[in-house]
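Undergrad: pasting the structure only:
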């Protein structure tokens, strides 16, 4: 099947790259309409079930910036990002940061999807209610907001939108 062309042509050409084996700390790029976001693998349960976190990304303050730049620095935690930004803007230091929990991604139906676990009834199907009563939880699966490539870390912000 041919790729559906929409948005940034570079994103359409780059998405969908795979690797022989997914490993912890491996980079992932998610391709949107014209932007790109980056993730890293926190844990590999198996090759079809992984936990990921999104990189915290900001402009590189050591390089000349301006509208349209693509000079980024990547941090695995909000605290690391906060420490970096505090060097340039001490008045913005924060001590109340809460780190994000990793997302669980599973490979189902020939694509990567986000798995979300629920512990309370919330517009459940009969099957989900049975699972909730039996296990104390049920799971739902959602499409990712873009296609991904493993082994790539290439954040991009389209300044035109």
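TA: Ah, there it is. Treat the numbers as computed from the prediction; the structure is a model and nothing was measured. Numbering: from 1, shown residues only.
Undergrad: check which residues of stretch 98-106 are buried.
TA: Applying a neighbour-count criterion of 16 or more other CB atoms under 10 Å, the buried positions in stretch 98-106 are 102-106. (C-beta placed from N, C-alpha, C; glycine too.)
Undergrad: what does stretch 134-141 give?
TA: When neighbours are counted by 16+ other CB under 10 Å, the buried residues of stretch 134-141 are found to be residue 138.
Undergrad: rewinding a little: which of the buried residues of stretch 98-106 sits closest to residue 17?
TA: Distance to residue 17, by CB to CB, is smallest for residue 105 among the buried residues of stretch 98-106, at 15.7 Å.
Undergrad: sec struct for the closest one, please.
TA: Secondary structure for residue 105, judged by DSSP: H, G, I helix; E, B strand; the rest coil, is strand.
Undergrad: check contacts around it.
TA: Contacts for residue 105 were tallied using CB atoms under 8 Å, 6 or more residues apart in numbering; they are 49-52, 112-115, 144.
Undergrad: now render the buried residues of stretch 98-106 as JSON lines, adding distance to residue 88 and pLDDT.
TA: As requested, those are arranged in JSON lines below (distance: CB to CB, whole Å; pLDDT from 0 to 100):
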{"residue": "102", "distance to residue 88": "29", "pLDDT": "98"}
{"residue": "103", "distance to residue 88": "30", "pLDDT": "98"}
{"residue": "104", "distance to residue 88": "35", "pLDDT": "98"}
{"residue": "105", "distance to residue 88": "34", "pLDDT": "98"}
{"residue": "106", "distance to residue 88": "39", "pLDDT": "98"}
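Undergrad: residue 156 contacts residue 36, doesn't it?
TA: Yes - because the distance of 4.2 Å satisfies CB atoms under 8 Å, residue 156 is recorded as touching residue 36.
Undergrad: so between these two, which is more surrounded?
TA: With neighbours defined as other CB atoms under 10 Å, residue 156 and residue 36 compare such that residue 36 has more, 24 against 19.
Undergrad: and that one, how far is that from residue 79?
TA: From residue 36 across to residue 79, the span is 24 Å (CB to CB, to the nearest Å).
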